[in-house]
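Q: Need coordinates for the below:
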Amino acid sequence: MNENKNGAASPKWGRHPKESRKSHCVMVRFDDGEWLRFLAMYEKSGVYAKAVFLKAHFFGQPFRVLVTDKALLDYCTKLSAFHAQYRAIGNNYNQTVKELRCHFSEKKAMALLYRLEQCTKELAALMRQVMELSKEFEGRWSQKSM
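A: Numbering: from 1, shown residues only. Presented below is the predicted three-dimensional model:
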């Protein structure tokens, strides 16, 4: 058999014993108000277990509080979806121009292309507004994090 740190024999199989075994347990009781405050603090901390949170808080160990800005998350999600739609419109635009050239007379194709050009100008103006709003939002968000 193998010998452990104490010089005692230990078997070769099974779980290896931990060096600092945690065998002491403390029980804490909260009233309703305290429990709600505790849960709010625990949820803000982002720690995986209430016991770990209590231990860290009790011994004064620092822990991080992660705050997620829902407005920023929603804005980024919608902006990503908007860019995906913008790419799809570009793809459809190319297909439309090819079909107009192949299947319509030159006069009719030019009239339809003129309408398509006007819609494209509106889309470009809308895209400029989105870019300005993104810069404004980024400016506000970056100041908030400092």
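Q: Now Phe137, what are its backbone angles?
A: Backbone torsions of Phe137, given as degrees, to the nearest 10, read phi -60, psi -40.
Q: ok, now how distant is the closest residue in space to it that isn't next to it in sequence from Ala56?
A: Nearest residue to Phe137, sequence neighbours excluded (Cβ to Cβ, 6 or more residues apart in numbering): Tyr75, at 6.1 Å. Using the backbone N, CA and C atoms, a C-beta is placed for each residue, glycine as well. Distance from Tyr75 to Ala56, counting by Cβ to Cβ, to the nearest Å: 33 Å.
Q: same thing with Ser45?
A: Relative to Ala56, and taking Cβ to Cβ, Ser45 is found at 8 Å.
Q: between these two, who's got more neighbours?
A: Ser45 (17 against 14; other Cβ atoms under 10 Å).
Q: Pretty sure the more buried one sits against Leu54.
A: No: in this structure, Ser45 is not within contact of Leu54 by Cβ atoms under 8 Å, at 10.3 Å.
Q: What segments of the chain are strands?
A: For the chain, applying DSSP state E gives strands covering 2-3, 9-10.
Q: Least reliable of those strands by average pLDDT, please.
A: Lowest mean pLDDT within these: strand 2-3, at a mean of 58.
Q: give me the low-pLDDT residue ranges for the chain?
A: The chain contains residues with pLDDT under 70 at 1-11, 63-68, 141-146.
Q: show me where it has helices.
A: Secondary structure of the chain (DSSP state H): helices at 32-45, 50-58, 70-103, 106-145.
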